[in-house]
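K.L.:
Let's see this in three dimensions:
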Amino acid sequence: MTDAALEVLRSVFGYDEFRSNQQEIIQKVLGGGDALVLMPSGGGKSLCYQIPAIVRPGTGIVVSPLISLMKDQVDALRLNGVRAAAYNSSLEPAEARKVLTEFTAGRLDMLYVSPERVLSDAFLRHLERTHRARADRGDTGGGSADNRRATGLALFAIDEAHCISQWGHDFRPEYVALGGLREHFPDVPLVALTATADPHTREDIRGRLGLRRADLFVSSFDRPNIRLRVVEKRNPRVQLRDFLDSHPQEAGVIYCTSRKRTEDLAAHLVSRGVAAAAYHAGLPADERVRVQEDFIADRVQIVVATVAFGMGIDKTNVRFVVHWDLPQHLEGYYQEIGRSGRDGMPAEALLLFGWEDVPRVRALIELAGDTERAAVELHKLNSMVGFAQALTCRRRVLLGYLGETMEDDCGNCDVCLDPPELYDATIDVQKALSCVYRVGERFGAGHVIDILRGSEKERVLQLGHDRLPTYGVGADLTVDSWRSVLRQLIHLGYLRQEMGQYPVLRLTPASAEVLRGHQTVTLARPRTKVRRDRARGPRGQGRRRQASGTLGQGGTGAVAAPGDREGQVAAAAGATDQGEAVFQGLRALRRTISEREKVPPYVVFHDATLREMAEVLPTTSEELLEITGVGERKLERFGDEFLELLRTHAAAD
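P.N.:
Numbering: from 1, shown residues only. Alright, predicted model coming up:
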């Protein structure tokens, strides 16, 4: 079966070799085994079930959480010549009957369904009858290709499998019933896939899906083409403007925690001439669909959204993700930044970190009422804050949380590229800790700062705090500087911030040694400016046509294999004016084709494929077929149009 899988990889998806552990996963599923797959967004998860579904007899049933995601994947598969369809609530009755007829007749390689639909009584009975019919015929997949495509089930694939776990970062109740698939179809291979799952979530997935004996495949979570950057939130609109200046006309997502913030920020961007739109769960369904379709089709440049947006986005040319507010946990942060750079080209993730976000998020967790879950979520929040406050390589911190160890710094995060300035802050720290002690550990950061700076605010004077020994001793520092000092002291464990309506500061036992003068404290100068340098991508990409991201249409296929850190990250080679002109011409042609075919532009070819075309300038079908991401079906459908444009540029070179 390995030769058949490799042939599908080459002829259908346009890649010459597998990457990471795709081959091992595919072999396991082809042999009838179960698998739990953890692989980063854009890392090639989809191929792990799509290729077995094509090669194995019968139809692969793919459980997917979003109708929009099903549509994108089905469109891309069909362009590659794969017989795929979706069966969900968006279909008209006649169309739904047609899909079921094709499935029953064995004319589909893959059928995408929602979790609610796959276990509905009527559909489940249909699956059982269809599968049993194959078994009654004794169909084992032998004989001609047509016979091998006989009715029956090739496999079940559970995408976004973390949704089944209450400990996952995006729990969905409708996923819980999927555990029944193993009981109804014990002989059908089941593969569960997700981009992020901590050890607790992994075990929960195993138990709920009946995968106790399934092999676990964990790929490297490293996405070296994504630059990680965190700045302290000060005048965030100005900071965002500076950031967007380094990404002109590029697609991006900005995440906010509230619906109102998404609308306000989107309106602000539109007023500045940016093609932006808001997206959140409170919008009418047709408006959400319109925004998502406009973004996918490149009619909207930036989507400002809550976490309700993103799971169904396969758009490969998202060049940046901004977190306007602090994410609740690193799993969500990792999942969200992974929506950028899926084509392996340079991308950037910016987090605007404001300490004032922490009490708000913590209060939301504690208000949920579930003590056990709250303890887990508070631990995750603390890890998120630790990442934001890290003074060492951020990628090492992030991957360490996900259970992966990096031996060397990444060289593509703000800490590596621009290390924070450190200084001996012992005197400032003693002033701050002493002030907290003098006010009886009963006030918050704002009041402590007012005392340190010698403010004459009415409340300070009424309480007599202008008579404290610490009154005015910190007048040499700005309010923002003192806020940074207090935030770092909380992070370092010298202070703790009580949660509740009034988040007061309290000393910890660790502060005693500092107050006595027995310990020095080193702090970092706050980083508030957003550098405008371009994000760098991986070097040493070579031209091996590795299996890549979703449907072979995106992901990090050009990135060196995990563990091969040398040469992975460096400045991306600047495109020549001529090369850029070719690339833009190819993009325009792609847009024309996408509108004609009524599919997103990246489903035709993603940016990395167009960049390689612009660099190599192939002029024959054989040369075009060597370009990463160009399979036989797409060569047949679109080859002449792209070759005509490429030949024109090659003749002018």
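K.L.:
tell me the SS of V321?
P.N.:
Using DSSP: H, G, I helix; E, B strand; the rest coil, the three-state assignment for V321 comes out as strand.
K.L.:
these two touch, right, it and A251?
P.N.:
No - taking C-beta atoms under 8 Å as the contact criterion, V321 and A251 are not neighbours in contact, 10.3 Å apart. The way it works is simple: take the backbone N, C-alpha and C, and place the C-beta from them, glycine included.
K.L.:
Overlap in contacts, those two.
P.N.:
Overlap between the neighbourhoods of V321 and A251 is empty, taking contacts as C-beta atoms under 8 Å, 6 or more residues apart in numbering.
K.L.:
what about E372, how many residues close to it?
P.N.:
9 (other C-beta atoms under 10 Å).
K.L.:
Need the pLDDT of it.
P.N.:
In this model, E372 is scored at 72, pLDDT.
K.L.:
Any figure for the gap between the nearest residue to Q497 once chain neighbours are set aside and V253?
P.N.:
Once flanking residues are discounted, Q497 sits nearest to P503: 5.1 Å by C-beta to C-beta, 6 or more residues apart in numbering. According to C-beta to C-beta, to the nearest Å, P503 stands 30 Å off from V253.
K.L.:
Those two - which one has more neighbours?
P.N.:
Neighbours per residue (other C-beta under 10 Å) separate P503 from V253, with V253 holding more: 23 against 18.
K.L.:
The more buried one and F309, how far apart?
P.N.:
In this structure, V253 and F309 are 7 Å apart, going by C-beta to C-beta.
K.L.:
Give me the pLDDT for the residue nearest to the spatial centre of the chain.
P.N.:
Among the residues of the chain, the smallest C-alpha distance to the mean C-alpha position (C-alpha atoms, centre = their mean) belongs to G338, namely 2.6 Å. As summarised for this prediction, G338 has a pLDDT of 89.
K.L.:
Please shift the residue numbers so they start at 766 in all later answers.
P.N.:
Yes, from this point I'll number from 766; that puts the last item at G1103.
K.L.:
Any buried residues in stretch 1119-1127, and which?
P.N.:
G1119, W1120, D1122, V1123, P1124, V1126, R1127 (16 or more other C-beta atoms under 10 Å).
K.L.:
ok, the residue nearest to Q1262 - contacts?
P.N.:
P1268 makes contact with P1124, G1209, A1210, Q1262, according to C-beta under 8 Å, 6+ apart.
K.L.:
do H1283 as well
P.N.:
Residues near H1283 by C-beta under 8 Å, 6+ apart: none.
K.L.:
ok, F1407 touching M1378?
P.N.:
Yes - judged on C-beta under 8 Å, F1407 makes contact with M1378 at a distance of 6.9 Å.
K.L.:
got any residues that touch both of these two?
P.N.:
What both F1407 and M1378 touch, as defined by C-beta under 8 Å, 6+ apart, is the set L1351, L1389.
K.L.:
So which residues of the stretch 1116-1265 of the chain form strands?
P.N.:
Counting by DSSP state E, counting those that start in this stretch, one finds strands in the stretch 1116-1265 of the chain at the ranges 1187-1189, 1260-1262.
K.L.:
what's the closest of those strands to P1291?
P.N.:
For P1291, the closest of the strands of the stretch 1116-1265 of the chain is strand 1187-1189, at 11.3 Å, according to C-beta to C-beta.
K.L.:
what's the offset of the closest one from the middle of its chain?
P.N.:
Centroid displacement of strand 1187-1189 relative to its chain, using C-alpha atoms, centre = their mean, to the nearest Å, is 35 Å.
K.L.:
And that strand, what's buried?
P.N.:
Counting neighbours by 16+ other C-beta under 10 Å, one finds that strand 1187-1189 has no buried residues.
K.L.:
what residues does it touch?
P.N.:
For strand 1187-1189, the external contacting residues (C-beta under 8 Å, 6+ apart) are L1156, T1285, V1286, T1287, L1288, A1289, R1290.
K.L.:
now, among the residues you listed, which is nearest to F1370?
P.N.:
Of all the contacts of strand 1187-1189, L1156 has the smallest distance to F1370: 41.6 Å, by C-beta to C-beta.
K.L.:
Hmm, D1179 is touching R1159, no?
P.N.:
Yes - between D1179 and R1159 a contact is recorded at 7.1 Å, counting by C-beta under 8 Å.
K.L.:
Looking at these two, which is more packed in?
P.N.:
R1159 (24 against 21).
K.L.:
Find me the pLDDT at that one, would you?
P.N.:
Model confidence at R1159 (pLDDT) stands at 90.
K.L.:
so it touches D1174, yeah?
P.N.:
No - the pair R1159 / D1174 is not scored as a contact, 9.5 Å apart, by C-beta under 8 Å.
K.L.:
Need the residues touching each of the two.
P.N.:
The contact lists of R1159 and D1174 share C1181, where a contact means C-beta under 8 Å, 6+ apart.
K.L.:
now the residue nearest to Q1262: how far from A922?
P.N.:
To A922, P1268 is 45 Å away according to C-beta to C-beta.
K.L.:
Domain ranges for the protein, per the record?
P.N.:
Per automatic domain parsing, the domain ranges recorded for the chain read 767-983, 991-1182, 1187-1289, 1339-1417.
K.L.:
least reliable of the ones you listed going by mean pLDDT?
P.N.:
Here the lowest mean pLDDT among those goes to domain 767-983, at a mean of 84.
K.L.:
rewinding a little: with adjacent residues omitted, what lies nearest to the residue nearest to the centre of the chain?
P.N.:
Across the structure, with C-beta to C-beta, 6+ apart as the measure, the residue nearest G1103 apart from its sequence neighbours is S806 (3.2 Å).
K.L.:
Please tell me I have it right and the one you found contacts E1101.
P.N.:
No - between S806 and E1101 there is no contact under C-beta under 8 Å: 9.1 Å.
K.L.:
which of the two has more neighbours?
P.N.:
In terms of neighbours (other C-beta under 10 Å), S806 is the more surrounded of S806 and E1101; the figures are 28 against 23.
K.L.:
Quick check: phi and psi on the more buried one?
P.N.:
Summarising the backbone geometry of S806 under the convention degrees, to the nearest 10, its torsions are phi -50, psi 130.
K.L.:
Now do it against Y1099, distance only.
P.N.:
Taking C-beta to C-beta as the measure, S806 falls 8 Å from Y1099.
K.L.:
Between the two, which contacts overlap?
P.N.:
A960.
K.L.:
Is I991 bridged to anything, and to what?
P.N.:
A1112 (DSSP bridges).
K.L.:
my read: it touches M1110, true?
P.N.:
No - between I991 and M1110 no contact is recorded; they are 10.2 Å apart, counting by C-beta under 8 Å.
K.L.:
More neighbours: which of those two?
P.N.:
The residue with more neighbours, out of I991 and M1110 and counting by other C-beta under 10 Å, is I991; that gives 30 against 23.
K.L.:
Now do the same contact list for the more buried one.
P.N.:
Residues in contact with I991 (C-beta under 8 Å, 6+ apart) are I1102, G1103, S1105, G1106, A1112, E1113, A1114, N1177, A1300.
K.L.:
Could you name every residue contacting both of V1018 and F1074?
P.N.:
With contacts taken as C-beta under 8 Å, 6+ apart, the residues that reach both V1018 and F1074 are V1068.
K.L.:
ok so K793 is a strand residue?
P.N.:
No - judged by three-state DSSP, K793 forms no part of a strand; its state is helix.
K.L.:
how many neighbours does it have?
P.N.:
A total of 21 residues lie near K793 under the criterion other C-beta under 10 Å.
K.L.:
I am finished for the moment; much appreciated.
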